[in-house]
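Visitor: Using only what follows, build the 3D model:
(chains A, B, C and D)
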Number of protein chains: 2
Amino acid sequence: MTGKQFSSVWLREPRPARSPGRSREEIVRAAVELLDAEGLDGLSMRKLGAKLDAGATSLYWYVANKHELLELVYDEIWGEMTVPEPRDGRWHETARGFAHSMRQVVLRHPWAARLIGRIPALGPNALGSSARLARAFKIAGFRGLEIDYAVSTLTAYVFGTVIPEVAYNETMAEGAVDEQSVRETVERAVADHPEILERLRENASFTDTEQVREMMFSFGLAAVLDGLEARLVT
Amino acid sequence: MTGKQFSSVWLREPRPARSPGRSREEIVRAAVELLDAEGLDGLSMRKLGAKLDAGATSLYWYVANKHELLELVYDEIWGEMTVPEPRDGRWHETARGFAHSMRQVVLRHPWAARLIGRIPALGPNALGSSARLARAFKIAGFRGLEIDYAVSTLTAYVFGTVIPEVAYNETMAEGAVDEQSVRETVERAVADHPEILERLRENASFTDTEQVREMMFSFGLAAVLDGLEARLVT
DNA sequence: ACCTGAACACCGTTCAAGT
DNA sequence: ACCTGAACACCGTTCAAGT
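Guide: Prediction:
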């Protein structure tokens, strides 16, 4: 009924940065710093304003609302990812390079995990990466819709892996929670499921999480790439 | 320094439901209704209290904080998923059945998408599903850590696919946004990337989204299963 | 044992007013 | 053109007080 329009920062021209005063870049940079330091819940318009020695509401001159701010910082994240230039017959390299890079970037900026999917990836950096990824799959031999399918499969795997990883890290980080107490917790919760419990115990996974997770990520990634390869041959 | 403990609803005995008054189940049921009707941002302790004809803060008798409430509703969602009983040589069926079921459940309860990864899946329903899934991969022939790897790969793919799907739906749903305006928006944003633009145009994807997304999901799922199968043979 | 209302410390956003 | 403070309508949570 309302007919509310779909809107995005990327549709509006940014206010031209004239005087050396506040600018959109400056705001985004400060926002990323705040996010890195205090997480997604730590970013408020008031705090960001304060950090910039400005009134809380000054920001609304540069940005229509908080969602637009999030769109901007989200694209910033995409800018940190590397997508190796696709070369003939080496699409695995492009895909693998992108996957590892994206994972690292999100692990470095954990707040980004909760933005994935929630914020449309329509910024220049996100589009650039997607386009390059699509090119790699095209060179690989995918056609039409299947190019998108392949890109989506890859990014879905990376997103779906890294989101829970970050969540786990955050649970751990909340004021020096020790792994021991989590382990006990999980063991108790899992007491009714002997298979899970058994595997928890036999794993070194609780003493060497990061390494195990790296292996896990590579394992699944290899599976996804193999599976895509198989679709190509057919 | 603080030594804050990891905590979860699943570690505390629930208050025994004595009188026919409020109970944890009742609260959870009301919360799910509220979430289905108004989304994750629509759930507040005050509104939930009102819905139950109770003061906003009465809920804190049954639940330590909002996070615990979210743990409860999240496990409710896991309870709606079906994981076909694994049978010899048919692990693909179990995996595929689970994948489609989980996707449908999250599409039906879109708020759950933002809970994935954020809320630890330690409830009885989540653990039950995981255990059954693990059993299927064990029967399939995976060993030790690889059982977990395989489960994680599968769920990562499903999560990573469905989270952006839901986000897209929500963007569309916000007060009758018409697809036409989104299409124009995206086309403009993508103007610098002829390959993407071209593919957008050649696709029927914008006129028949749900069907295209079903195909996309099945395509990627098949790739993931093939890839896991390949890891098995080696 | 269970429920209440007042209070605290926050939010995002609007808007009339300033320079 | 840019920034401000006051105000509005919300939050989650604590706590002393009620029954």
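Visitor: Verify the contact between A:Val28 and A:Leu72 for me.
Guide: Yes. With contact defined as CB atoms under 8 Å, A:Val28 counts as touching A:Leu72 (4.9 Å). Yep, even glycine has a C-beta here, placed from its N, CA and C like the rest.
Visitor: okay, those two: which has more neighbours?
Guide: The neighbour count for A:Val28 versus A:Leu72, taken as other CB atoms under 10 Å in any protein chain shown, is higher for A:Leu72 (22 against 17).
Visitor: how near is the more buried one to A:Glu38?
Guide: Here A:Leu72 is placed at a distance of 18 Å from A:Glu38 (CB to CB, to the nearest Å).
Visitor: who touches the residue in chain A that DNA strand D sits nearest to in this structure?
Guide: Residue nearest to DNA strand D within chain A (CB to the nearest atom of the strand): A:Gly55, separated by 3.0 Å. A:Gly55 makes contacts with A:Gly49, as judged by CB atoms under 8 Å, 6 or more residues apart in numbering or on different chains.
Visitor: Which other helices and strands does the lowest-mean-pLDDT helix or strand in chain A contact?
Guide: In chain A, the helix or strand scored least confidently by mean pLDDT, DSSP states H and E is helix A:179-189, which has a mean of 73. Helices and strands touching helix A:179-189, by 3 or more CB pairs under 8 Å, 6 or more residues apart in numbering or on different chains; DSSP states H and E, are helix A:145-173, helix A:194-202.
Visitor: So which of these has the densest surroundings on average?
Guide: Neighbour counts averaged per stretch over these are highest for helix A:145-173, at a mean of 22; criterion: mean count of other CB atoms under 10 Å in any protein chain shown.
Visitor: ok, A:Asp53 - how many residues close by?
Guide: Here the number of neighbours of A:Asp53 (other CB under 10 Å) works out to 8.
Visitor: which parts of chain A sit against DNA strand C?
Guide: When proximity is defined as CB under 7 Å from any atom of the strand, chain A approaches DNA strand C at A:Leu43, A:Ser44, A:Met45, A:Arg46, A:Lys47, A:Ala56, A:Thr57, A:Tyr60, A:Asn65, A:Lys66, A:His67.
Visitor: now, which of those residues sits nearest chain B?
Guide: Each of the residues of chain A next to DNA strand C was scored against chain B by CB to the nearest CB, and A:His67 proved nearest at 10.6 Å.
Visitor: could you redo the residues of chain A next to DNA strand C as JSON lines and give each row secondary structure?
Guide: Below are the residues of chain A next to DNA strand C laid out as JSON lines (DSSP: H, G, I helix; E, B strand; the rest coil):
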{"residue": "A:Leu43", "secondary structure": "coil"}
{"residue": "A:Ser44", "secondary structure": "coil"}
{"residue": "A:Met45", "secondary structure": "helix"}
{"residue": "A:Arg46", "secondary structure": "helix"}
{"residue": "A:Lys47", "secondary structure": "helix"}
{"residue": "A:Ala56", "secondary structure": "helix"}
{"residue": "A:Thr57", "secondary structure": "helix"}
{"residue": "A:Tyr60", "secondary structure": "helix"}
{"residue": "A:Asn65", "secondary structure": "coil"}
{"residue": "A:Lys66", "secondary structure": "helix"}
{"residue": "A:His67", "secondary structure": "helix"}
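Visitor: just these: which has the poorest pLDDT?
Guide: In terms of pLDDT, A:Ala56 ranks lowest among these, with 90.
Visitor: picking up where we left off before, looking at the helices and strands packed on helix A:179-189, which is closest to B:Arg114?
Guide: Taking CB to CB, helix A:145-173 is the member of these nearest to B:Arg114, at 10.3 Å.
Visitor: That closest one vs chain B: in contact?
Guide: Yes. Judged by CB under 8 Å from any CB of the partner chain, helix A:145-173 comes into contact with chain B through A:145-149, A:152-153, A:155-161, A:163-164, A:166-167, A:171-172.
Visitor: Output the contacting helices and strands for that helix.
Guide: Helix A:145-173 packs on helix A:91-108, helix A:124-140, helix A:179-189, helix A:209-233, helix B:145-173, helix B:194-202, helix B:209-233, going by 3+ CB pairs under 8 Å, 6+ apart.
Visitor: quick one: buried residues of the last one?
Guide: Think helix B:209-233. Within helix B:209-233, the residues scored as buried using 16 or more other CB atoms under 10 Å in any protein chain shown are B:209, B:212-213, B:216-217, B:219-229, B:231-232.
Visitor: what helices or strands is it leaning on?
Guide: Other helices and strands packing on helix B:209-233, by 3+ CB pairs under 8 Å, 6+ apart, are helix A:145-173, helix A:209-233, helix B:91-108, helix B:145-173.
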